[in-house]
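>>> need coordinates for the below:
(chains A and B)
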Amino acid sequence: MLLSAIIFLPLAGAVVILLGLNDPKKVRLWAVFIGFVELVLGFLCFYLFQTADIDLKDGMELVEKYEKWIPVLNIQYHLGVDGLSAPLVLLTSLLGFCSIVASLNIQLRIKEYFMWLLILQSAVMGVFISLDFVLFFIFWELELLPMYFLISIWGSGRKEYSAMKFVIFTLLGSAFMLVSILGLYFSTGSFSIIALPALVSEAKLFMPAGTMFAFLFLAFAVKLPVWPVHTWLPDAHTDAPTAVSVMLAGVLLKMGGYGMIRLAIGIFPGEAQDWAWVIATLAVISVLYGAVCTVRQTDLKKLVAFSSVSHMGYVLLGISSVVGVGGSVSSVGLTGAAMQMFTHGTITGLLFLVVGLIYDRAHTRHIPDLGGLASNMPFVGVAFLVAGLASLGLPGTSGFIAELLVFLGTFEVWPIITTLSVFAIVLTAGYILWMIQRTFFGPAISRLDEVGDVSLVQAVPLVILMVSIMVVGLYPSIISDAFALGLEPIMESLQTGARS
Amino acid sequence: MTEMMAWSIFLLPLFAFIFISLVIRPFLNGYDRVSGYVAIVAVAIGFVLSIQSVLEVWNNHGKIVWPSHSWITVGSLELSVGILMDPLTAIMLVVVSGVSLMVLIYSQGYMHGDPGYSRYFAYISLFTASMIGLVLAGNIIQIYFFWELVGLCSYLLIGFWFHKPSAIAAAKKAFLVTRLGDFGFLLAILYLFANGGEIFAANASEFTGAGMSGSVFDISSVNFAAKSGFFAGSIATLVALGIFAGAVGKSAQFPLHVWLPDAMEGPTPVSALIHAATMVVAGIFLVARFFPLFEVSSTAMSFVAITGGVTALFAASMGLVMYDIKRVLAYSTVSQLGFMMLALGIGAYGPAIFHLFTHAFFKALLFLGSGSVNHATGTFDMRYMGGLKKHMPWTYYTFLIGSLSIAGIFPLAGFWSKDEIIAASLHHPDAIQIVVAIMALVAAFMTAFYMFRALFMTFHGEFRGGIAAEPDSGADSHDVHLEESPAVMVLPMVILAIPAIVAGFLFNPVIDGGIGSIPQYWFSKMLNMVDHVYVKGHPIDFFAASISSIIAVSGIGLAYLIYIRKSVNTSTIIDGEFSYMTGPVYKLIFRKYFFDELYEGKITIALFYNGVARLIDWCDRNIVDRIGNVIGFFGRNSGKVVTTLETGQVQIYGVGMSVGIVSILIVFVVWG
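Got it, this is the predicted structure:
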């Protein structure tokens, strides 16, 4: 029941807000309460997964299955977590709580806002936990609804445009995914995410496997995002309210990476290996192109958004190592990709939180108008520095170990492409330090004299994320062991197709 | 000595950092003096333990082996943490903790009253911990880990006064330029992992036989593999050159030397500790750490030697013309690091580390001296100093000792170590050695000259007003206090002056049992204990010693003629008879060969920021994004057809998409 609770608790919380709560104070308190319980459940789920006896054949824990949900189509209510999803559930509960706390200063249509935010969390949890492809798809689509309203009502700038762009891009991807889902169903008669890899390898396929893989890949590539379908991201991130940017960058992008590893590669390992050179090429373009675009940005939020394109490129780079070399595939690259997803969630979440705090106080995100904030907001300055250093992959933070694993795993497979990607560590250091220099350092600007540091409540999410960045940075096994375990079934299926 | 004792050399300053930043700074900011005491106690215990390690290593004939501990395991990849305790490590421990201790004591005076007093001691503690972590590291990932952390500390300390735009710009520059070198270092690690795995697996039994872990990342194993000839030439060359790229960045070698002079924006004790005595020698340490690997590749060795030689010469030439005393010392540091690198490149491992050892003391001393001078005059510009000898005798005499030592005057420390390098370069001359020997000798002449130019301009003649005389400073005579610095500042200088005199003949004596019970060539012998290290055997080379002494004395003599006797009027360089020749040369050197303009103005801003980046950014907005909007346009228009009937928006797109899906499916049904 734990997993159902994790998915439906926020939804139930939203229903309670809708039906019963009108006082803004009560709504806030209730949302924080739900977020906190969800956080506890997230930790509980991760803890139970870590301590359970793992059956390697399947790897799924805490399974809940109701086979006769829609028996006519063999659609089942099937939930479970393995090493790949358990850390992402933890991440979602972590960032969900942080974004609720960071939203306490929202003044506009409070009731609806928290309702949508909670529904969003339910949807994302559902994506990570579902083991039935239809269920997965429902949650995947459900996530669009709250996002659309959150951006277009509580956002800033060209918010309607950005919200619509986000929805259209994702829907475009979803359409391709749906074709693949149906193709798989007509080939195997199953929607089971666990059973599909084995069934597909034996079944007579209704559609060419390469096409189905490409459609799945495209759907997840939009979400990750991958160049050239990344253009929705800077707009959506920039115009969304702070907490939504945190969720978007921190968790929603990971749906793309998760889907790519679990579904696109999990079901079609051979096709993924055939197309690995395309994946690697797109990865290096995303990494470098994203980094170069980031350098030019003058809007603080847009800068962080573009840096996400570059950093999610590392996820794709790690994925491209699936083709292997010398007759075997190492799990280092994929584990690195998964680690990069987790770590990017906490790091970029923290960056967006800080940017939001700056915007609330200084009323601008235009970098040339900022400067010298460190003396007025030292605590935020520390948080920004920690997030920035983690983003540029400083050892001791989680950013370092994730990037290192990706590079170690990919270099022997794609030496030139990886070499080019490694150069991004210089570019990243450049834009991060320049950003910090222009906002927090230098002489204080008199216009910003009134700007103050955070309150105790606002400091809570900053502290949570800083601690998780450091803990994973110093003791990465806590997460990486889970990922490595979860990737084992996929690794097995990849061995046969390894490039010699 | 237990492993825990070795770890505590690292952990104590780390705990000091954590304690200061989480307890003292937030809650006890009124008692910020405590931060200093905490840091000093932590490092002082570490210093005692470091000396203990040297003795233990000596008594254990070179090596103490502790098995490493697993940090993270992914598939077949295992990263671990461990300690490599050998003579090089032990010597570096003494240098790092010793200089750090002196700097911490001195900083109590220098940083007195600074609002960031606690923050300063926190940073220095973190730096000391990182540097010790780097030195202790048993594997290359661990080295890289701390390598980056010392880079961070350097960034934080150069930018310590973060309200100063020049300070924070210098901090960023230091981090970025060294990161460029780290790019090569990281590639070397990746290349080693990708190509070394098979080699190591094939020879697994040999590693076990030698009592090594046989991991690709393990330093001892890599060196053992190199020495046993497991590496084909190209692997060794590529890995060595990548590692060297990291060293070039950190040790400010040509052409990545540009960050070090700017790093002088940080507090002066920081310059003494980080940018003179410890962090910048990390590059030398790194090459020394993997010396057997370098020795396999003659290409890599020649590259190291030439880079070192060019750096030694090139940096010394810029030291000749600077007016800022800290910049003179900064270029001097770059030049001396070049000396060490040059020595490594010609195979003189022992002399290089010996010079690193002596240099740490006299260079730290010189920087602390410049800080003391600044404390009194408020400026670093030597044009506004002069005549300080009588006001600050302690500073003067310690500075004089440092200058004599670095110039290489018998019998001070610098004489012995520099002589060993020059002797080694003259020893078995081949083409490269002859070239670098000439470079070394010219650089040695320049060193003697610019140090005494600095000494004479600062301490001799008449006082020229200090900060109050400096145009645009906004300061007046109240900012100038012509008096000796407080005891907490003088004491460390006096203590450092002792090794600046004796470290040469005391630790590497040329005669047996002459001084105390220290054996002949003790330092070299200890380094030589680890069998893989080749140290040139050398009785004292009188030929080399005489040449380098003559050169040093003539450099000092020339400085004397120009700055004391005023026999030569230097202004003729710019407007004299031959100024059409000498003027441009002077300008070229004074403007630092225009490297800053090239790197920042031409490459970073013009070529990258306003060129490539601007183009790509433009393409993103106007081409890639447009294509995306075309998709949106179709979506919107196909929606419009249906919106005439309905009012919703998102749902409509859903309908549109469903229609699309069905049509795609139909195509497949028909086709399949």
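
>>> please enumerate the helices of the stretch 51-200 of chain A.
Here the stretch 51-200 of chain A has its helices, by DSSP state H, counting those that start in this stretch, at A:86-102, A:110-129, A:133-142, A:144-154, A:159-188, A:196-202.

>>> what's the closest of those to residue A:67?
helix A:133-142 (12.4 Å; CB to CB). C-beta: built from backbone N, CA, C; applies to glycine.

>>> for that closest one, which positions count as buried?
Of the residues in helix A:133-142, A:133, A:134, A:135, A:136, A:137, A:138, A:139, A:140, A:141, A:142 count as buried by neighbour count, 16 or more other CB atoms under 10 Å in any protein chain shown.

>>> among those residues, which are in reach of chain B?
With CB under 8 Å from any CB of the partner chain as the criterion, the buried residues of helix A:133-142 include none near chain B.

>>> can I get those in JSON lines with distance to residue B:349 and pLDDT?
Listed next are those as JSON lines, based on distance: CB to CB, whole Å; pLDDT from 0 to 100:
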{"residue": "A:133", "distance to residue B:349": "63", "pLDDT": "91"}
{"residue": "A:134", "distance to residue B:349": "68", "pLDDT": "91"}
{"residue": "A:135", "distance to residue B:349": "65", "pLDDT": "92"}
{"residue": "A:136", "distance to residue B:349": "61", "pLDDT": "94"}
{"residue": "A:137", "distance to residue B:349": "64", "pLDDT": "93"}
{"residue": "A:138", "distance to residue B:349": "67", "pLDDT": "92"}
{"residue": "A:139", "distance to residue B:349": "63", "pLDDT": "94"}
{"residue": "A:140", "distance to residue B:349": "61", "pLDDT": "93"}
{"residue": "A:141", "distance to residue B:349": "66", "pLDDT": "91"}
{"residue": "A:142", "distance to residue B:349": "66", "pLDDT": "91"}
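
>>> in JSON lines, list the residues you listed along with distance to residue A:159.
Below are the buried residues of helix A:133-142 laid out as JSON lines (distance: CB to CB, whole Å):
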{"residue": "A:133", "distance to residue A:159": "33"}
{"residue": "A:134", "distance to residue A:159": "32"}
{"residue": "A:135", "distance to residue A:159": "31"}
{"residue": "A:136", "distance to residue A:159": "29"}
{"residue": "A:137", "distance to residue A:159": "27"}
{"residue": "A:138", "distance to residue A:159": "26"}
{"residue": "A:139", "distance to residue A:159": "25"}
{"residue": "A:140", "distance to residue A:159": "23"}
{"residue": "A:141", "distance to residue A:159": "21"}
{"residue": "A:142", "distance to residue A:159": "21"}
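
>>> most neighbours per residue, which of the helices of the stretch 51-200 of chain A?
helix A:86-102 (a mean of 27; mean count of other CB atoms under 10 Å in any protein chain shown).

>>> ok, for residue A:449, nearest residue in space, not its chain neighbours?
Leaving aside its chain neighbours, residue A:449 sits nearest to residue A:376 (7.3 Å; criterion: CB to CB, 6 or more residues apart in numbering or on different chains).

>>> ok, now which ones touch the residue nearest to residue B:204 when sequence neighbours are not counted?
Take residue B:204 and drop its neighbours on the chain: the residue closest to it by CB to CB, 6+ apart is residue B:214, 5.4 Å away. By CB atoms under 8 Å, 6 or more residues apart in numbering or on different chains, the residues touching residue B:214 are B:200, B:203, B:204, B:207, B:208, B:221.

>>> make it 6 Å
Counting by CB atoms under 6 Å, 6 or more residues apart in numbering or on different chains, residue B:214 makes contact with B:200, B:204, B:207, B:221.

>>> can you list the residues of the stretch 101-250 of chain B near chain A?
B:145, B:148-149, B:162-163, B:165, B:168, B:172, B:175-176, B:179-180, B:183, B:186, B:190, B:193-194 (CB under 6 Å from any CB of the partner chain).

>>> among those residues, which are in strands?
Here DSSP state E is the test, and those give no hits in strands at all.

>>> which ones among the residues you listed map onto helices?
If you go by DSSP state H, those have B:145, B:148-149, B:165, B:168, B:172, B:175-176, B:179-180, B:183, B:186, B:190, B:193-194 in helices.

>>> going by mean pLDDT, which of the helices of the stretch 51-200 of chain A comes out lowest?
Per-stretch mean pLDDT for those is lowest at helix A:196-202 (a mean of 86).

>>> next, residue B:79: phi, psi?
Residue B:79 adopts backbone torsions of phi -110, psi 140, taken as degrees, to the nearest 10.

>>> what's it in contact with, if anything?
B:71, B:72, B:141.

>>> which of the ones in helices among the residues of the stretch 101-250 of chain B next to chain A has the most neighbours?
residue B:186 (27 neighbours; other CB atoms under 10 Å in any protein chain shown).

>>> and it, what does it touch?
residue A:422.

>>> can you report how many residues lie near the nearest residue to residue B:66 once chain neighbours are set aside?
Nearest non-adjacent residue to residue B:66, counting by CB to CB, 6+ apart: residue B:3, 4.4 Å away. By other CB under 10 Å, 15 other residues sit near residue B:3.

>>> so residue B:3 is in contact with residue B:65, correct?
No: at 10.0 Å, residue B:3 does not count as touching residue B:65 under the criterion of CB atoms under 6 Å.

>>> one step back: any idea of the pLDDT on the residue nearest to residue A:449?
The per-residue pLDDT reported for residue A:376 equals 85.

>>> pretty sure it is touching residue A:451, no?
Yes: using CB under 6 Å, residue A:376 is in contact with residue A:451, at 4.7 Å.

>>> got a list of what residue A:78 touches?
A:65, A:131, A:132.

>>> and those as a markdown table, adding distance to chain B, pLDDT and neighbour count?
As requested, those are exported to a markdown table (distance: CB to the nearest CB, whole Å; pLDDT from 0 to 100; neighbours: other CB atoms under 10 Å in any protein chain shown):
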| residue | distance to chain B | pLDDT | neighbour count |
| --- | --- | --- | --- |
| A:65 | 28 | 84 | 14 |
| A:131 | 23 | 92 | 25 |
| A:132 | 19 | 92 | 24 |
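
>>> where does the stretch 301-450 of chain A have low pLDDT?
Scanning the stretch 301-450 of chain A for pLDDT under 70 picks out no residues.

>>> chain B contacts on the stretch 251-400 of chain A?
A:292, A:293, A:295, A:296, A:330, A:331, A:332, A:335, A:374, A:394, A:395.

>>> quick one: the first one from residue A:112, how far?
Residue A:292 sits 39 Å away from residue A:112 when distances are taken as CB to CB, to the nearest Å.

>>> and for the fourth one?
For residue A:296, the distance to residue A:112 equals 36 Å [CB to CB].

>>> packing partners for the helix or strand encompassing residue B:614?
Counting by DSSP states H and E, the element that carries residue B:614 is helix B:613-619. Under the contact definition 3 or more CB pairs under 6 Å, 6 or more residues apart in numbering or on different chains; DSSP states H and E, helix B:613-619 sits against helix A:276-296.

>>> hmm, who's touching the helix it packs on?
A:226-227, A:303, A:306-307, A:309-310, A:313, A:316-317, A:320, A:322-323, A:414, A:417, A:420-421, A:424, A:427, A:431, B:613, B:616-617, B:620.

>>> could you rerun that using 7 Å?
Where contact means CB atoms under 7 Å, 6 or more residues apart in numbering or on different chains, the residues beyond helix A:276-296 that reach it are A:226-227, A:230, A:303, A:306-307, A:309-310, A:312-314, A:316-317, A:319-320, A:322-323, A:414, A:417, A:420-421, A:424, A:427-428, A:430-431, B:609, B:612-614, B:616-617, B:620.
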